[in-house]
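Enquirer: Next comes the sequence, and after it the predicted model I'd like to discuss.
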Amino acid sequence: MAKRKNSQRVYKVGMLILLALIIIGFTIPGFINTEEDVQSINVEPRLCQSDTDCYLTCDDVPVRVLCSQNMCVRNVCGEYDLYPYITNAIQFSLSVIINSEQVDFSQNTNNKDNFVTFDGPTVSVFSSGISLDHVLEKVNVALNAECIFIRGETLCRDADTELSLFVNDELSYDYAQYVPEDGDVVRIVYK
């Protein structure tokens, strides 16, 4: 019985020490501030219709910022830029074929978009990491594994129709998440 009480007492003391170490571990770093200039910046997200709505001026230099889903992906100079602008574009070929008819994107392009430009079937992307979802968004097209939204219409796969993504003539299951590489030939086929 005495042995059992001793082991319970050791267990309780051990738990108290562990809890104290956890509390200290989470509170002490909050008191230590080695950088004097660290400030918390709360910035309202910015709405946009094109990339030109998202420009920032950082150290008197204009910085291009991507507009995605009508929101600027970067709102202040100190914020991390997921899609930094590059001058050497990644170019690939993109065709969307709906019921054997190739879609012409020339009517849907916005000349105020800097990160994704269309010249016939050639797409130029001015940032690495931009997915097919971002590219298609620039011409009002949305894609997932089941459906494509294009020309104001949602077309979904069913027993009679198939929606496929081909990258360099190979079937891909990445759909909107695919990140095109330089020289790729991307085809989206709904038939």
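Expert: Yep, it's here.
Enquirer: which is the next helix or strand following the lengthiest strand in the chain?
Expert: Using DSSP state E, we find that the single longest strand of the chain is strand 90-98. On the C-terminal side of strand 90-98, the nearest following helix or strand under DSSP states H and E is strand 101-102.
Enquirer: Show me what that next one pairs with in its sheet, parallel or antiparallel.
Expert: strand 90-98 (antiparallel) (DSSP bridges).
Enquirer: Using PDB, write out every CA atom in the strand it pairs with.
Expert: What follows is strand 90-98, C-alpha atoms only, in PDB (Å, rounded to 0.1, in the frame of the first residue of the first chain):
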ATOM      1  CA  ILE A  90       6.700  30.500 -68.800                       C
ATOM      2  CA  GLN A  91       5.000  29.700 -72.100                       C
ATOM      3  CA  PHE A  92       2.700  26.800 -72.900                       C
ATOM      4  CA  SER A  93       0.000  26.000 -75.300                       C
ATOM      5  CA  LEU A  94      -3.600  25.800 -74.000                       C
ATOM      6  CA  SER A  95      -6.700  24.500 -75.900                       C
ATOM      7  CA  VAL A  96     -10.100  23.900 -74.600                       C
ATOM      8  CA  ILE A  97     -12.300  21.800 -76.800                       C
ATOM      9  CA  ILE A  98     -16.000  21.600 -76.100                       C
END
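Enquirer: ranges for the strands of the chain?
Expert: Going by DSSP E, the chain shows strands at 56-58, 61-63, 67-68, 71-72, 90-98, 101-102, 116-119, 122-125, 142-143, 147-150, 153-156, 163-167, 170-172, 185-190.
Enquirer: Run the chain-centre distance for the third one.
Expert: I take that to be strand 67-68. 9 Å (C-alpha atoms, centre = their mean, to the nearest Å).
Enquirer: picking that back up, between the strands of the chain, which gets nearest to Lys12?
Expert: strand 71-72 (52.2 Å; C-beta to C-beta). Yep, even glycine has a C-beta here, placed from its N, CA and C like the rest.
Enquirer: looking only at pLDDT, what's the mean for that closest one?
Expert: Regarding strand 71-72, the rounded mean pLDDT is 95.
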